[in-house]
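K.L.:
sequence first, predicted coordinates after that:
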Amino acid sequence: MRKIVAFLVALLLFAATLVGVNSYYDAVITSARGYLDYDVKNAKLQCLDAVSSSLDENTILFLGSSELDVSDSLNITSHPKNVFHWGNSDFNMMLYGGASNQSLSQAIHLGALGNRLKVKKVVINLSPQWFIEDFLAPEAFADKLYPEMFTAFMENEGISVDLKQRVVDRCKSQLNTSPDKLRQIEAYERVYLHTGNIADLWLIEINKLITSNRDKAILTFSMNPPKATGPKVVYDDIDFSALAEEAELNGQAQCANNDFYVSDNYFKKNLEPNLGWLKGHLKSANMHDTVEYDDLRLLLDICRELGIEPLLVSVPVNGFYYDYTGLPESERQHCYQNIRDIAGEYDVQLLDLSGHEYTPYFLHDIMHLGWKGWIYAIQGVHEFYQQGQS
């Protein structure tokens, strides 16, 4: 009897400690509202509560991938974190994503976050590289399959069983090289879509408890919010003409030693040593009928079922570079047109930036929004956010 009592006391003390630690993490994360909008660490992406804490009535969710994270050395003053002073603003964009987050992973994340949006709108930034055949690497997708987010997706009653099954089936098709993740998804499928069993449910709940506290701890101790300087940014007072002039000058300074209009450091590290094999290597690439388009439809189906209005942002490739690789212009245009057609199919808005393939400094490398590109994106997103606002 004493052993049982001792065990129960120990269990209660552990639970109380866990609750106390979790409350501390929540308090720290809540105090970092605004800053978290522009933090793109993986720990944030895995923390449902952390993202939710910053999604207020003045913040719009912006789903993207590696373009969201830019080095300060590039001096892209038009990046949202710089324009909105890391959240010291009357309007903010919750940047959610990172490298290898594409339509399928974002469908899951939006399904998890959908009921927590104060603004029932979402911006979906589309990189044309996603639509090159076989661009979605299975290992990279598995790395972005976060347990807490997937659990919230499966528990969202606003998403139909049929759509959940389609997402699960697509996930399973991408996890042949990740058997542990595949087993996890199959357990979720049994619990949430079929009869399930106690062992699976117990495994899911324990995994959710462990990962939630772990990721909150990692995020809490990795955050380094900059001190707010100056008055709060008022969107209507932003001088975008001055930003555009600054973008031109900064782009010129950063892209002085190559003909691709990419930053010099990127050119020296990634392109110059590989110019031999890069020339013409994409001449047979397919961009017109890849599975990524169906993944985008899954994402838009999530939006439709949850009553979320999406804005698709169609980003161009770097025309100077992709001409060099031989990627046919016809394939690129087919990709842009497919995105237009899907926007029309779902009757959703499209910010079409694909005409800027040859605009210097629109991108800062071969694929990521740069000095000029972010100006177009911010203005288009804010206009979309304002629609229907009282």
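P.N.:
Looks like it arrived, so ask away.

K.L.:
what's the spacing between Leu278 and Phe260?
P.N.:
Here the criterion is C-beta to C-beta, to the nearest Å. By it, Leu278 lies 10 Å from Phe260. (Glycine included, C-beta is placed from N, CA and C.)

K.L.:
pairing partners for the residue lying closest to Leu68 once chain neighbours are set aside in the sheet, please.
P.N.:
Nearest residue to Leu68, sequence neighbours excluded (C-beta to C-beta, 6 or more residues apart in numbering): Leu95, at 4.6 Å. Leu95 has these beta-bridge partners by DSSP bridges: Phe62.

K.L.:
still on that earlier bit, need the residues touching each of Leu278 and Phe260.
P.N.:
Shared contacts of Leu278 and Phe260 (C-beta atoms under 8 Å, 6 or more residues apart in numbering): 271, 324.

K.L.:
I'd guessed the residue nearest to Leu68 sits against Val40; true?
P.N.:
Yes - assessed by C-beta atoms under 8 Å, Leu95 is found in contact with Val40 at 5.7 Å.

K.L.:
the more surrounded of these two?
P.N.:
More crowded of Leu95 and Val40, by other C-beta atoms under 10 Å: Leu95, with 24 against 21.

K.L.:
ok, now which ones touch Ser105?
P.N.:
With C-beta under 8 Å, 6+ apart, Ser105 has these contacts: 141, 144-145.

K.L.:
how about residues contacting stretch 295-305?
P.N.:
With C-beta under 8 Å, 6+ apart as the criterion, stretch 295-305 contacts 102-104, 106-107, 110-111, 114, 122, 124, 126, 136, 158-160, 163, 166-167, 170, 308-310, 339, 342, 346, 348.

K.L.:
now, of those residues, which are buried?
P.N.:
102-104, 106-107, 110-111, 114, 122, 124, 126, 136, 159, 163, 166-167, 170, 308, 310, 339, 342, 346, 348 (16 or more other C-beta atoms under 10 Å).

K.L.:
which helix or strand lies directly C-terminal to the helix or strand hosting Trp202?
P.N.:
Element membership for Trp202, per DSSP states H and E: helix 198-222. Later in the chain than helix 198-222, the nearest helix or strand by DSSP H and E is helix 240-254.

K.L.:
any buried residues in that next one, and which?
P.N.:
Neighbour-count burial for helix 240-254 [16+ other C-beta under 10 Å]: 243, 246-247, 250-251, 254.

K.L.:
nearest residue to the middle of this structure?
P.N.:
Gly97 (2.2 Å; C-alpha atoms, centre = their mean).

K.L.:
for that one, which non-adjacent residue is spatially closest?
P.N.:
Gly64 (4.3 Å).

K.L.:
residues in contact with the one you found?
P.N.:
95-97, 101, 125, 127.

K.L.:
any idea how far it lies from Asp39?
P.N.:
Distance, Gly64 to Asp39, using C-beta to C-beta: 14 Å.

K.L.:
let me know the pLDDT of Gln254.
P.N.:
We have a pLDDT of 97 for Gln254.

K.L.:
who's in contact with it?
P.N.:
Taking C-beta under 8 Å, 6+ apart, one finds 74-75, 263-264, 364, 371 in contact with Gln254.

K.L.:
if we can go back for a sec, from what I see, the residue nearest to the centre of the chain and Val40 are in contact.
P.N.:
Yes - with contacts counted by C-beta under 8 Å, Gly97 reaches Val40, the gap being 7.1 Å.

K.L.:
spit out the residues that contact these two alike.
P.N.:
Shared contacts of Gly97 and Val40 (C-beta under 8 Å, 6+ apart): Leu68.

K.L.:
measure Gly97 to Glu157 for me?
P.N.:
25 Å.

K.L.:
likewise for Tyr192?
P.N.:
On the measure of C-beta to C-beta, Tyr192 and Glu157 end up 11 Å apart.

K.L.:
can you pick out the residue with more neighbours from those two?
P.N.:
Tyr192 (20 against 6).

K.L.:
re earlier: phi, psi of the residue nearest to Gly97?
P.N.:
Gly64 adopts backbone torsions of phi -150, psi -160, taken as degrees, to the nearest 10.

K.L.:
same check on Ser52?
P.N.:
The phi/psi pair for Ser52 (degrees, to the nearest 10) is phi -60, psi -30.
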